[in-house]
Structures are given as C-alpha cells and as structure tokens.
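Visitor: whatever this is, show me its structure:
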Amino acid sequence: MMRYSGRLALQQRVLPSYRVPFFDLLAESCANGMSLFAGLPRPAEMISSGKTQIAKLKQAENIHLFNGAFYLCHQKGIVNWLTEWNPDSLIVEANPRNISTASAVRWMRSRGRRAIGWGLGAPRVSGIKRTLWLGFVNQFDAMLTYSQRGAEEYAALGFPREKIFVAHNSVSAKPITNHQLPITHHQPTILFVGRLQARKKLDSLLRACAEIESKPRLIIVGDGPERASLEAMAKDVYPAAEFAGEKHGAEVKPYFAEADLFVLPGTGGLAVHEAMSHGLPVIVAKGDGTQDDLVREGNGWQIQPDDYGELVSTMKNALSDMARLRRMGAESFRIVSEEINIQKMAEVFVSALNAEGG
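Guide: Numbers count the residues shown, from 1 in each chain. Reported below is the predicted structural model:
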C-alpha cells in the first residue's frame with residue numbers, strides 16, 4: 001500500500017455513512033494520522049451520517065444559509081481544528097458554496113503547507129463567472145476529481161493538467177469473488193437498489209417493465225418518500241413488482257445474486273458500484289460524469305435520464321441475449337476489481353499528496 005509520510009487533514013461538509021470505509025482506508029495510508037472535519041446534514045437531505053474507526057473525526061458545526069440555488073454553508077471552528085491538528089497537508093471539498101474553505105486554505109498557505117481541492121468538476125462558464133471559478137480553483141496546489149470529465153473541466157478553466165488527479169469515485173472495496181449465480185431460469189430479473197425518491201425515476205422503470213414481452217421479475221430494494229406512491233402505481237402498471245424494503249450489508253447480497261441486470265433510470269445511485277462488484281451489467285442514466293468511466297460499452301449502457309423511449313429500448317436490447325448479459329457482468333466485475341474501487345481511489349489521493357512534496 002502506498003504511504004503518505006505526513007499528517008493529513010481532510011474536510012467534508014457532511015460524512016455520509018457510505019464514505020466511511022474510504023476515509024478509514026485513506027487514514028491507514030497516512031503515517032502520522034488523518035483528522036476528518038465534517039458536520040451534520042440538514043434534516044431534509046435525509047443523509048445517513050457515519051462514524052470513522054481509524055480517521056480521527058472532529059465534528060464541525062455546520063451553519064446552513066439560504067436554500068436551493070442560493071445555499072451556502074459555514075463550518076464554524078475550521079481554523080481552530082487546523083490549529084489543534086497542525087497538518088502537513090489539507091484536502092477540502094472544492095465547492096464554492098462552502099464559505100469556510102478560503103480561511104482554511106489561507107491558514108495552510110501562511111505556514112507554507114499544501115491545500116488540495118477535491119471536486120466533481122467545474123461548470124462551463126464565461127465572463128465574470130469564469131473569472132470567479134478560476135480564482136476559486138487557483139487557491140489549490142492540486143485538484144482531485146471523481147472522473148475524467150471533471151479533469152477536463154478543471155483543465156478547461158486553465159488549471160494545470162499536471163496538477164489534476166483522477167480518483168474514480170467508488171464506495172466499494174475491491175471484490176474478491178464473483179458470486180453471480182448461473183442462468184437457471186427463463187424469466188429475467190431486473191434489480192434496483194437505492195433510495196425511493198422522485199429523481200430516481202422508478203415510475204418510468206415500472207412502465208418500462210410493463211412494455212417488455214418477457215415480463216421480467218422486478219425487485220426494488222430500498223425505502224424513501226416515494227415508496228407509497230410507487231407501490232400504489234405498481235398495482236395498476238406492473239403488479240408483479242416486488243418491493244423488498246430497505247436492506248443493508250449481508251441482507252442485500254441475495255438480491256444482487258439473483259438479478260440479471262441492474263437498472264438506475266434516474267440520477268444518483270452509488271449502488272451501481274455494488275451491483276458491478278456482484279457481476280451485474282448495468283443500465284444507468286447519464287449524470288455528473290462519475291459514471292462515464294465506470295459504465296462502458298462492454299459492461300452496460302448509459303441513457304438520457306429523461307428519455308423514456310431510450311430506457312424501454314435499452315432494456316429490451318439488454319434482455320434479448322442472456323449469455324451476452326453474463327459476459328457484460330463479468331466485465332463489470334473486472335472493472336471494479338482491477339480499476340475502480342476504494343483501494344485505487346486511496347492510491348490516487350496518496351499520489352497527489354506525495355506529488356506535492358509531502
């Protein structure tokens with residue numbers, strides 16, 4: 001395992017439970033320890049907060065300002081945290097909505113230490129907005145980004161390419177064994193795992209299944225604000241749909257093993273990584289670029305999130321050849337085993353730290 005010899009500080013607005021394994025793995029790679037500064041989400045965000053075992057967690061006091069497009073966050077105590085921890089390097093979310101970032105970066109710079117940004121990418125803007133974004137990213141000594149698309153966006157702003165590191169977004173450890181069951185049934189099984197909310201477009205998935213001649217088994221694992229309305233809709237549109245409820249850890253593994261295809265018709269959804277680690281081909285809606293490197297022609301399909309016709313035709317195409325689906329599932333497993341997992345992600349973080357002279 002690659003190592004960083006210094007002491008690391010890492011800031012997050014919130015600490016979702018799915019990020020805990022990665023942060024603990026990264027902390028293991030820091031010879032002199034890692035402190036994580038994160039606050040609590042707003043109740044409406046319905047984010048399940050986690051607690052690290054290896055990284056030293058310092059809870060921030062998040063002050064949430066405004067809503068929607070005007071939302072800002074101030075993290076009280078960020079400079080006191082840096083003073084107490086006294087890190088050699090700092091990694092912060094590269095999100096201009098966090099108005100505490102600048103003071104943290106100034107603290108590091110005043111002591112001749114490194115500050116690295118970590119973000120999705122930057123919008124394609126011009127004029128004063130481009131100037132503001134360029135000023136924001138230029139405060140960092142290097143940039144970590146989730147995808148190749150994000151790297152291109154930072155480079156398009158003028159940030160030096162040699163200081164941009166692509167750490168493919170993952171929440172899963174490197175899988176060891178593909179537990180996918182052999183094809184023993186005639187009725188294909190489609191799986192969705194995730195929070196049941198409007199942006200996941202599960203209403204479209206229900207209608208699409210009704211249009212498929214083979215009438216696939218549809219299993220929906222998860223809970224959320226849309227569950228009652230989706231169950232009511234399913235009675236009319238696709239009564240065969242199975243709502244398994246919220247499952248975690250070992251509870252969800254049998255569902256992945258039984259499935260032939262994982263479908264995410266809307267945006268978001270980190271369960272795609274888990275589906276691939278179980279040897280499943282995937283259909284996902286295009287989003288922020290994090291899935292561009294994950295979902296390829298060899299292991300799945302990317303579709304437009306608002307194109308119902310494309311969803312239906314892609315599902316029909318996928319289910320038309322079960323042997324091909326198994327081959328694509330094997331490629332999914334290879335990708336997350338060899339290329340995109342939290343071990344590889346941590347290695348890139350350490351490379352960025354070491355490249356900055358750490």
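
Visitor: in the helix or strand hosting residue 232, which residues are buried?
Guide: Counting by DSSP states H and E, the element that carries residue 232 is helix 227-237. Neighbour-count burial for helix 227-237 flags 227, 230, 233, 234 (criterion: 16 or more other CB atoms under 10 Å). Every C-beta, even on glycine, is put in place using the N, C-alpha and C of the backbone.

Visitor: and stretch 146-160, by the same measure?
Guide: 146, 147, 148, 149, 150, 151, 152, 153, 154, 155, 157, 159.

Visitor: ok, now stretch 80-100?
Guide: 81-82, 85, 87-94, 96, 98, 100.

Visitor: any idea of the mean pLDDT for the lengthiest helix in the chain?
Guide: If you go by DSSP state H, the chain has its longest helix at helix 322-338. Averaging pLDDT along helix 322-338 gives 95.

Visitor: and the helix or strand following that helix, what other elements does it pack with?
Guide: Later in the chain than helix 322-338, the nearest helix or strand by DSSP H and E is helix 342-355. Contact partners of helix 342-355 among helices and strands, from 3 or more CB pairs under 8 Å, 6 or more residues apart in numbering; DSSP states H and E: helix 20-28, strand 89-93, strand 114-119, strand 142-145, strand 164-166.

Visitor: which strands border the helix or strand following the first one, and is each parallel or antiparallel?
Guide: Beyond helix 20-28 on the C-terminal side, the first helix or strand identified by DSSP H and E is strand 34-39. Strands flanking strand 34-39 in the sheet, each with its direction: strand 8-14 (parallel), strand 56-59 (parallel) (DSSP bridges).

Visitor: what's the per-residue pLDDT of residue 269 here?
Guide: 68.

Visitor: ditto for residue 184
Guide: 57.

Visitor: check the one 4 residues further on too.
Guide: The pLDDT attached to residue 188 in the predicted structure is 94.

Visitor: quick check on it: phi, psi?
Guide: Dihedral angles of residue 188 (phi, psi; degrees, to the nearest 10) stand at phi -70, psi 150.

Visitor: now do stretch 141-152, average pLDDT.
Guide: Mean predicted confidence for stretch 141-152 is 96.

Visitor: repeat for stretch 161-176
Guide: Across stretch 161-176, pLDDT averages out at 93.

Visitor: start to end distance for it?
Guide: 34 Å (CA to CA, to the nearest Å).

Visitor: could you break the chain into its assigned domains?
Guide: 8-171+341-355, 189-338 (automatic domain parsing).

Visitor: figure out which of these is closest to residue 177.
Guide: domain 189-338 (9.2 Å; CB to CB).

Visitor: chain center to the closest one: distance?
Guide: Remark: domain 189-338 is offset 16 Å from the chain centroid, using CA atoms, centre = their mean, to the nearest Å.

Visitor: and for residue 34, the neighbour number?
Guide: 25 (other CB atoms under 10 Å).

Visitor: hey, what's it bridged with?
Guide: residue 8.

Visitor: please apply the same query to the one 4 residues further on.
Guide: Using DSSP bridges, the beta-bridge partners of residue 38 come out as residue 12, residue 59.

Visitor: thinking again about what came up before, quick one: buried residues of the longest helix of the chain?
Guide: 325, 326, 328, 329, 330, 331, 332, 333, 334, 335, 336, 337.

Visitor: and if you look at stretch 276-290?
Guide: 276-285, 287, 289-290.
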